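1. Build me a model:
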Amino acid sequence: MDPAGGCPHADNERLLARGAVATVVLPGAVEGAAVLGHEALKEFLAHPDVAKGAQHFTALREGNIAAGWPLLTFATVQGMTTADGDDHRRLRSLVSKAFTVRRVEQLRPRIEELTSGLLDGLHAAAEEGGGVADLRRHFALPLPMGVIGELLGVEAEYLDRLHHLSNQVVATDIGPEQAVAANRELVAVLSAVAAARAESPGDDLTSALIAARDEEGDRLSQQELIGTLVLMIIAGHETTLNLITNAVRALCGHRDQLESVQKGESSWADVVEETLRWDAPVSYFPFRYPVRDLTVDGTVIPRGTPVLAGYSAAGRDRAAHGPDADRFDITRSGRPGAVRHLSLGHGAHYCLGAPLARMEATIALERLFTRFPDLDLAVSEAELIRHASFVGNSVRALPVRPGASRL
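-> So this is what the prediction gives:
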């Protein structure tokens, strides 16, 4: 795996041509595997002999993973994504009420309010920048970051720093000392957030988690509290940030489909689902571990191997999505026999925040292109600089020309 990341699709196509499962070398010369094919990934994600707990990671258990390994947080953070069985159900139940469809729908007015204010800011930034503004910085980032911040009861003063730190945590080209420092500071900042909420509880998820820790200590430890906050902050904004950014890029590159949505011939929800499939916001997610030697699509993955879930590859797997799988087409989901993408996961660990991510992205895109119907990229797609990560899949900045504002 290239620690510098970049656009994954050419490599994915090459690997898929060889099979649905690939052996890979992770940073630090750690041997791993990636499941790339749609059907193979669907089977693997729900397989009873596949675990998430780090105790199953052979190289880590045997002391062969350095403290500054850039992917260590994905393996060792204590929370839902590294728990199995009863522990997973216990931790998931503590936060699930905040992400039900009903609870998310109650957030709609606030998301719309935030979106409106950010569009004003995007317009102002473009006026100051000679007609050009970074949509990622001024719109796609602060929307999900603001929403998850309010859900968790995080003071606004912490949000920029938390984004910077979470960005370092998901980077795969980071050095050992920098990785250790970023993880320590992220834990320190979130510990300060938790301490503030303990002193002054509110109607937020952090306060509810603290109550569960203090009133029913067997339901949540201090390490699990902080680990859950780490996961909520990272997953609660990085994925949606990439989703909105990638959707805008896709629509700007397919003006006919943008026009179709603007005419009401297709929906903004169609845009969101096709973006999730065609340019998944998470490319390769770490880690799962077979608890025994496991054969997936004819390939043996040895017990204890760290396995990446190849969402961006599965989204363009021709065996599942047809010979035109590499083409962006917002009408795809309406085709007979269309296959649903796996970009938000599958099985017990299906993304808890999926309803929120979908709502945020749908509102963001509809409001953005209603306010700025002629919005376009200010540079070519080839000039955009990609993330330095094979985990996240997007670009570092998205310069756009919003054009005339239609209030």
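
2. Hmm, Arg386 and Gly6 touching each other?
-> Yes - using Cβ atoms under 8 Å, Gly6 makes contact with Arg386 at a distance of 4.8 Å. The way it works is simple: take the backbone N, C-alpha and C, and place the C-beta from them, glycine included.

3. so what's the spatially most central residue of the chain scoring on pLDDT?
-> Most central in the chain under Cα atoms, centre = their mean is Thr239, positioned 2.6 Å from the mean C-alpha point. We have a pLDDT of 94 for Thr239.

4. With Arg213 instead?
-> Arg213 carries a pLDDT score of 79 in this model.

5. export the helix or strand it falls within as CSV, just CAs?
-> Arg213 is located in helix 205-215, with elements delineated by DSSP states H and E. C-alpha atoms of helix 205-215 as CSV (Å, rounded to 0.1, in the frame of the first residue of the first chain):
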residue,chain,number,x,y,z
LEU,A,205,-23.8,12.4,23.8
THR,A,206,-20.6,13.0,25.8
SER,A,207,-22.7,13.8,28.9
ALA,A,208,-24.8,10.7,28.4
LEU,A,209,-21.7,8.5,28.1
ILE,A,210,-20.2,10.0,31.2
ALA,A,211,-23.4,9.3,33.1
ALA,A,212,-23.2,5.7,31.9
ARG,A,213,-19.6,5.5,33.1
ASP,A,214,-20.4,7.0,36.5
GLU,A,215,-23.8,5.5,37.2
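
6. who does it touch, helix- and strand-wise?
-> The contact analysis (3 or more Cβ pairs under 8 Å, 6 or more residues apart in numbering; DSSP states H and E) places helix 205-215 against helix 85-96, helix 142-152, helix 176-199, helix 222-252.

7. So what's the gap between it and the chain middle?
-> Centroid separation for helix 205-215 versus its chain: 25 Å, with Cα atoms, centre = their mean, to the nearest Å.

8. List of residues touching that helix?
-> Contacts to helix 205-215, defined as Cβ atoms under 8 Å, 6 or more residues apart in numbering, come from residues 94-95, 98, 151-154, 193-194, 197-198, 201, 219-222, 225, 228-229, 232.

9. Next up, the contacts around the residue nearest to the centre of the chain.
-> Contacts of Thr239 by Cβ under 8 Å, 6+ apart are 281-282, 351, 353, 357.

10. quick one: which helix or strand includes Glu112?
-> Taking DSSP H and E as the criterion, Glu112 maps to helix 108-128.

11. relative orientation of that helix and helix 142-152 in degrees?
-> Computed by axes from the mean of the first three to the mean of the last three Cα atoms, to 10 degrees, the angle separating helix 108-128 from helix 142-152 equals 140 degrees.

12. gap between stretch 25-43 and the chain center?
-> Taking Cα atoms, centre = their mean, one finds stretch 25-43 lying 18 Å from the centre of the chain it belongs to.

13. relative to helix 142-152, how tilted is the lowest-mean-pLDDT helix or strand in the chain?
-> When the helices and strands of the chain are compared on mean pLDDT, DSSP states H and E, helix 205-215 comes out lowest with a mean of 85. Interaxial angle, helix 205-215 versus helix 142-152 (the same axes, to 10 degrees): 30 degrees.

14. circling back: and which of the contacts of Thr239 is nearest Ser116?
-> Proximity of the contacts of Thr239 to Ser116 (Cβ to Cβ) peaks at Ala357, which lies at 19.5 Å.

15. three-state assignment of that closest one?
-> Three-state assignment for Ala357 (DSSP: H, G, I helix; E, B strand; the rest coil): helix.

16. Ok, the one 5 residues further on next?
-> Assigned with three-state DSSP, Thr362 falls in the helix class.

17. do you know how far it is from Leu141?
-> Here the criterion is Cβ to Cβ, to the nearest Å. By it, Thr362 lies 17 Å from Leu141.

18. now swap in Gly202 and tell me
-> Separation of Gly202 from Leu141 (Cβ to Cβ) stands at 24 Å.

19. of the two, who's got more company?
-> It is Leu141, of Gly202 and Leu141, that has more neighbours when counted by other Cβ atoms under 10 Å, with 24 against 12.

20. List phi and psi for the more buried one.
-> Dihedral angles of Leu141 (phi, psi; degrees, to the nearest 10) stand at phi -80, psi -60.

21. That one contacts Thr240, correct?
-> No - checked against Cβ under 8 Å, the pair Leu141 and Thr240 is beyond contact range at 9.4 Å.

22. Packing partners of the helix holding Glu112?
-> Counting contacts by 3+ Cβ pairs under 8 Å, 6+ apart, helix 108-128 packs against strand 133-134, helix 142-152, helix 354-371.

23. picking that back up, what's the ChimeraX syntax to select whichever of the contacts of helix 205-215 are buried?
-> Remark: buried members of the contacts of helix 205-215, expressed as a ChimeraX selection using 16 or more other Cβ atoms under 10 Å:
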select :94,95,98,151,152,153,154,193,194,197,220,225,228,229,232
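
24. got the buried residues for the least confident helix or strand of the chain?
-> Buried positions in helix 205-215, judged by neighbour count with 16+ other Cβ under 10 Å: 205-210, 212-213.

25. And stretch 333-347, by the same measure?
-> For stretch 333-347, burial by neighbour count (16+ other Cβ under 10 Å) applies to 333, 339, 341-346.

26. Arrange the buried residues of helix 205-215 in CSV, one row each, with distance to Gly37 as further columns.
-> Output for the buried residues of helix 205-215, formatted as CSV (distance: Cβ to Cβ, whole Å):
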residue, distance to Gly37
Leu205, 36
Thr206, 39
Ser207, 43
Ala208, 39
Leu209, 37
Ile210, 42
Ala212, 39
Arg213, 41
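
27. Which phi and psi values does Tyr301 adopt?
-> One thing to correct before we go on: residue 301 is Ile, not Tyr. Main-chain torsions, Ile301, degrees, to the nearest 10: phi -110, psi 110.
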